[in-house]
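Enquirer: after the sequence you'll find the predicted model.
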Amino acid sequence: NMACLCADFSKTRPTEEIAKPPLPDFLSGRILEVEYVHLTPDVRKRMPFLEHIPVYSDIQIVELDLNNVLSKETKRIFQADMAKRKKKRQSKIQAEKRADREAKQEEARLINDRKSRFQMIDQDDEFFHAPSS
């Protein structure tokens, strides 16, 4: 998202040399993905835009659908990246569904295994009948 925004907007105040408008103060859009990150020094190196946040903080990075904000040219430039991210999100959803389905199958298997080991009590067993006097 940030690279797309920087293609259309300036990170600094507009000057005569910079014709792009400044980054918007607020953005709104449909949330595509939320990534939970524990900010370690390694993560900070990969994401230098987070350098103002204290190390070892827990943060959320939100990916927004910015189609209503970006220019056609920027969308064209980043089309491959956006398609790659979409495919990654879909793969993640499929993996989560598969893991959920496998967990449910394993739970059902364990329940059936325990049921098969459970001995049914025979009510007609002489143990349950009082001796005749």
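Expert: Thanks, I have the structure now.
Enquirer: from here on, just use CA atoms for contacts and neighbour counts.
Expert: OK.
Enquirer: contacts for the helix-or-strand element of the chain with minimal mean pLDDT, please.
Expert: Comparing every helix and strand of the chain by mean pLDDT, DSSP states H and E singles out helix 2-8 as the least confident one, with a mean of 84. By CA atoms under 8 Å, 6 or more residues apart in numbering, the list of residues contacting helix 2-8 from outside reads K20, P21, L23, L70, S71, T74, K75, F78.
Enquirer: restricting to C-alpha, output it in PDB.
Expert: Taking Å, rounded to 0.1, in the frame of the first residue of the first chain, the C-alpha atoms of helix 2-8 are listed here in PDB:
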ATOM      1  CA  MET A   2       2.700   2.500   0.900                       C
ATOM      2  CA  ALA A   3       4.600   2.100  -2.300                       C
ATOM      3  CA  CYS A   4       1.400   2.700  -4.300                       C
ATOM      4  CA  LEU A   5       0.600   5.800  -2.200                       C
ATOM      5  CA  CYS A   6       4.200   7.200  -2.700                       C
ATOM      6  CA  ALA A   7       3.800   6.800  -6.400                       C
ATOM      7  CA  ASP A   8       0.800   9.100  -6.400                       C
END
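Enquirer: next, the buried residues of that helix.
Expert: For helix 2-8, burial by neighbour count (16 or more other CA atoms under 10 Å) applies to C4, L5, A7, D8.
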